[in-house]
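>>> give the three-dimensional model of this entry:
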Amino acid sequence: MNTLRNFLQHTFNPVHMYCRLMDFGLDKTRARKMCSVYERYFYSVMRNA
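Predicted coordinates:
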């Protein structure tokens, strides 16, 4: 179970998401804004659950 938790924490980490968005071709500004919104509204809720 701990392995799954570590995998999910890594995959849904905002910095990891930023890197993947950049890999998909988004520009830095757009990727940063998307990750900022993601971190503020989704990641913080998931992390505290």
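>>> so residue 26, which state does it fall into?
Here residue 26 takes the coil state, with states given by DSSP: H, G, I helix; E, B strand; the rest coil.
>>> any idea how far the residue nearest to the spatial centre of the chain lies from residue 1?
Closest to where the C-alpha atoms of the chain average out (Cα atoms, centre = their mean) is residue 14, at 2.6 Å. The gap separating residue 14 from residue 1 is 23 Å, by Cβ to Cβ, to the nearest Å. From N, CA and C alone the C-beta is placed, and that goes for glycine too.
>>> nearest residue to the residue nearest to the centre of the chain other than its sequence neighbours?
In this structure, residue 14 finds its nearest non-sequential neighbour in residue 39, 4.2 Å apart by Cβ to Cβ, 6 or more residues apart in numbering.
>>> ok, residue 31 next?
Nearest to residue 31 is residue 21, by Cβ to Cβ, 6+ apart, at 4.0 Å.
>>> hang on, isn't that neighbour packed against residue 34?
Yes: using Cβ atoms under 8 Å, residue 21 is in contact with residue 34, at 6.3 Å.
>>> the more surrounded of those two?
Counted by other Cβ atoms under 10 Å, residue 21 and residue 34 do not tie: residue 21 has more neighbours, with 18 against 15.
>>> OK, contacts around the more buried one?
Residues in contact with residue 21 (Cβ atoms under 8 Å, 6 or more residues apart in numbering) are 30-31, 34-35.
>>> so the residue nearest to the centre of the chain sits against residue 35, correct?
Yes: Residue 14 lies in contact with residue 35 (Cβ under 8 Å); the separation is 4.6 Å.
>>> for this structure, what spans make up the helices?
2-11, 14-23, 28-38, 44-48 (DSSP state H).
>>> got JSON lines for those, with mean pLDDT too?
Putting those into JSON lines (pLDDT from 0 to 100) gives the following:
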{"stretch": "helix 2-11", "mean pLDDT": "88"}
{"stretch": "helix 14-23", "mean pLDDT": "95"}
{"stretch": "helix 28-38", "mean pLDDT": "96"}
{"stretch": "helix 44-48", "mean pLDDT": "76"}
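>>> ok, and the closest non-adjacent residue to residue 43?
residue 14 (5.6 Å).
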